[in-house]
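Trainee: Using only what follows, build the 3D model:
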Amino acid sequence: MDWIYDIETYPNCFTFTALIEDGTILKVFECSTRKNDVADLFDFLDKLRRSKDRLIGFNNVGFDYPVVHDLLSVREKALTVSGKAVAVRAYKKAQMVIGADNVFQKLVKPSEEHVKQVDLFKIHHFDNKSRSTSLKMLEFNMRSDNIEDLPYPVGTELTDEQIDVLIKYNIHDVKETLKFYGHSLPMIRFREELSERYGKDFINFNDTKIGKEYFIMRLEEEMPGSCYKFVNNRRQIQQTKRDSIKIGECLFDYYDFKEPAFLAIVDWFKQQEIEETKGVFKDLPEDKLQSVGRYAQMLTKRQKFFREPSEEVKQRFLEKHPAGWIEEVPLKTKKKGQTQYSYWGHWNVAETLNVVVNDFRFDFGTGGIHGSLENADIHADDEYCIVDADVASMYPNIAIANRVYPEHLSEKFCDIYKDVYEQRKSYAKGTAENAMLKLALNGVYGDSNNKFSPFYDPKYTMTITVNGQLSLCLLAEKLMTIEGLSLIQVNTDGVTVKMPRHKVSEYETICAAWQKQVGLELEFAYYSRMVIRDVNNYIAVGVNGKIKRKGAYQYEDLGWHQDQGGLVIRKAAVENILNGTNIREFITGHTDKYDFMMRTKVPRSSKLVLEFADGRIEQQQNICRFYACNAGADLVKIMPPLKEETEPRRISIGSGWGMWVCNSVEDFDWKDLNYDYYIAEAEKLAIGNV
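Mentor: Residues are numbered from 1 along each chain as shown. The predicted structure is shown next:
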């Protein structure tokens, strides 16, 4: 059986609460100044161990279990001391875990666990900074009746009454974790199936780690010691580290660009030598920096130039600088009050290096190439069609087709990569094998820039990155030779165009030739309409009626780590755009109250307050659910002052609109809902109709 659990630690109170997976049995153990359940807790854990039951938690591998394991390690002594002494030990251990500099120092090896641990936090990859998500945020996204934050500051000596409140809070968290466990069961079953099939414990692996681990298993099977070697009985990771990378050595030889701008970009790449893939390109010769700098000063508004250039300015600009304008990026120096400028910018800052071809701007960055029409509503009709061409498994296939590999893994890496790719196609979508092999294909590229990975070789990373972007530029250039064709988007692994229908045959011929030239495969989709705010926010309607919504227009299939607040705004905007539905009528007639609720959070160093017109100030919990309210107050984040400043920072949420907190769903009031706020926000997203 699975038991969902959570602990709370205070200087004079430790609680352990567990709920069986079907919700029928609840166990609460308290060690405090008034009670000592430590013997019963140990008996409970022993019973789970004998039954081979599991403990399911949220960040339990990183926090809860190390505290419990520490108590088990001093079991005999713990049975002879007071409940207060047990609480003190648990609290001190908890603070050590939280403050540990090395995350691995605080972990307990799976082989040493008294009871098997399953961590939903790790399975969903919430331990990744970009996906970081708390249980409270999940409570919002799960539309829970109550969102409760820790009731008392960490370190508080609790009264008996406060201990009772803490236990209720502990039970609430366990019930919410059980709810999320239900949502996570397909992921758990997938990991159980893989663990049984391959004889390796995948249970707490995130999706990406599963793929990488499978690939490592394949490499080690065929090339023992290629990923790890044992030296003096210690496992030693194998990597290729480099002092610098000459980008020119990364470029493939199949480019046959004709456009001056693309030729200049290739030439620019050939000149670059970088020391760090996340750092700054080495400065170009001073004369080139000055030249670009002088021209940059002429353009006081970059956006105006690129969106509304005069022919004279455009021609003069492209003659002098066919590689486009490289934006200024301020770099902080150690000397106080000084700022150094690099006109070539950070490689990891988006929209730094760009070119303009046929009035279409291409932006280069580590996340891939990007370019898009903005605030556009494009329709297919009897004369024109909209076609999207995406590269199938782009990054894996660049490596496979061009025999690119991390140097220490040898060319055999490409053979295994290709075998995994072909193997995946033999399994139906939805099967565990297909899902795992997809993860194996996609995980390798990102980890080639991970200093803790056996795939690490930054030259491999840059080879895939730069050539992926140039390959799409090559496709775009060839497609732009078609009379009447215009680019709509270039986005990481694909190109979307609008063109005359009688040119489809020519389009297909060019795409086929490009596929043969670069060794990649394209997958095509035809759209009847595209509504685009920008490259990351758009709606695409397939000719089959299937609707693709991205960014600000997406309200279905959102990740658990994504903000799912105020969905009525997105829904109203999409309905207005696609069907001409009146935004006010849609929003005032909408009946799902959770779609009106929003959420915010502040770190523990800050506070969140409601400020009323009469001067009253009410502090709120740090993670807060709220809605726009006619009789509401100003919802304000108050944060510590910036360095060398004395005044706290104030950030207003929904500035100019009254808000009301509804952490308890009962505090939501339809009668006082301010529809005008949601209407105004939806109108900002709507393009064309409104």
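Trainee: CA atoms for contacts and neighbours, from now on please.
Mentor: OK.
Trainee: so where's the stretch 351-500 of the chain uncertain?
Mentor: Across the stretch 351-500 of the chain, the stretches falling below the confidence threshold (pLDDT under 70) are 351-352.
Trainee: Where do the helices of it begin and end?
Mentor: 394-402, 412-425, 432-447, 458-479 (DSSP state H, counting those that start in this stretch).
Trainee: what's the last one packed up against?
Mentor: Applying 3 or more Cα pairs under 8 Å, 6 or more residues apart in numbering; DSSP states H and E, one finds that helix 458-479 contacts helix 394-402, strand 494-500, helix 504-518.
Trainee: got the ones you listed as CSV, with mean neighbour count and distance to residue 647 columns?
Mentor: Below are the helices and strands packed on helix 458-479 laid out as CSV (neighbours: other Cα atoms under 10 Å; distance: least, Cα to Cα, whole Å):
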stretch, mean neighbour count, distance to residue 647
helix 394-402, 19, 48
strand 494-500, 21, 48
helix 504-518, 15, 57
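Trainee: Make JSON lines from these and add distance to residue 634 to it.
Mentor: Compiled in JSON lines, those are given as follows (distance: least, Cα to Cα, whole Å):
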{"stretch": "helix 394-402", "distance to residue 634": "47"}
{"stretch": "strand 494-500", "distance to residue 634": "44"}
{"stretch": "helix 504-518", "distance to residue 634": "55"}
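Trainee: Which one, of these, ends up nearest to residue 618?
Mentor: Proximity to residue 618, assessed across the helices and strands packed on helix 458-479 by Cα to Cα, is greatest for strand 494-500 (50.3 Å).
Trainee: From the rest of the structure, what touches that closest one?
Mentor: Outside of strand 494-500, the residues that reach it under the criterion Cα atoms under 8 Å, 6 or more residues apart in numbering are 380, 383-391, 472, 475-476, 484-490.
Trainee: Try it again at 7 Å.
Mentor: 383-391, 472, 476, 484-490 (Cα atoms under 7 Å, 6 or more residues apart in numbering).
Trainee: give the contact list for residue 71.
Mentor: By Cα under 7 Å, 6+ apart, residue 71 lies in contact with nothing.
Trainee: from the middle of its chain, how far away would the helix or strand containing it be?
Mentor: Under the criterion of DSSP states H and E, residue 71 resides in helix 65-73. The chain centre lies 32 Å from the centre of helix 65-73; the measure is Cα atoms, centre = their mean, to the nearest Å.
Trainee: now swap in stretch 164-184 and tell me
Mentor: Relative to its chain's centre, stretch 164-184 lies at 25 Å (Cα atoms, centre = their mean).
Trainee: Give me the mean pLDDT for it.
Mentor: On average, the pLDDT along stretch 164-184 is 97.
Trainee: ok, now stretch 215-223?
Mentor: For stretch 215-223, the mean per-residue pLDDT is 91.
Trainee: what's next to it, contact-wise?
Mentor: Taking Cα under 7 Å, 6+ apart as the criterion, the residues outside stretch 215-223 that touch it are 226-227, 440.
Trainee: what's the spacing between residue 551 and residue 557?
Mentor: With distances taken as Cα to Cα, to the nearest Å, residue 551 is found 12 Å from residue 557.
Trainee: on that earlier part again, export the contacts of stretch 215-223 to CSV and tack on distance to residue 239 and neighbour count?
Mentor: Formatted as CSV, the entries for the contacts of stretch 215-223 read as follows, by distance: Cα to Cα, whole Å; neighbours: other Cα atoms under 10 Å:
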residue, distance to residue 239, neighbour count
226, 9, 20
227, 8, 21
440, 19, 26
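Trainee: with these in mind, which one is nearest to residue 638?
Mentor: Distances from the contacts of stretch 215-223 to residue 638 were compared by Cα to Cα; the smallest belongs to residue 440, at 44.0 Å.
Trainee: what's the nearest residue to that closest one if we skip its chain neighbours?
Mentor: Leaving aside its chain neighbours, residue 440 sits nearest to residue 211 (3.4 Å; criterion: Cα to Cα, 6 or more residues apart in numbering).
Trainee: what about stretch 641-655, start to end distance?
Mentor: Counting by Cα to Cα: the opening and closing residues of stretch 641-655 are 20 Å apart.
Trainee: How far does the strand or helix carrying the residue nearest to residue 440 sit from its chain's centre?
Mentor: Secondary-structure element containing residue 211, defined by DSSP H and E: helix 207-222. Once both centres are worked out by Cα atoms, centre = their mean, helix 207-222 turns out to sit 22 Å from its chain's centre.
Trainee: Please apply the same query to stretch 668-679.
Mentor: The chain centroid and the centroid of stretch 668-679 are separated by 31 Å under Cα atoms, centre = their mean.
Trainee: What are the contacting residues of it?
Mentor: With Cα under 7 Å, 6+ apart as the contact definition, stretch 668-679 has outside contacts at 569, 583-584, 587-588, 628-631, 662.
Trainee: Pull out the buried positions in the one helix or strand residue 88 maps to.
Mentor: In this structure, residue 88 is located in helix 83-99 according to DSSP H and E. Taking 16 or more other Cα atoms under 10 Å as the neighbour-count basis, helix 83-99 is seen to contain the buried residues 83-91, 93-95, 97.
Trainee: Check which helices and strands the very next helix or strand once past it sits against.
Mentor: Towards the C-terminus, the helix or strand next in line after helix 83-99, according to DSSP H and E, is strand 116-119. Identification of packing neighbours for strand 116-119 by 3 or more Cα pairs under 7 Å, 6 or more residues apart in numbering; DSSP states H and E yields strand 54-57.
Trainee: contacting residues around the strand it packs on?
Mentor: Around strand 54-57, the neighbours that count as contacts under Cα under 7 Å, 6+ apart are 1-6, 115-120, 177.
Trainee: Just the buried ones from the residues you listed?
Mentor: Buried among the contacts of strand 54-57 by 16+ other Cα under 10 Å: 2-6, 115-120, 177.
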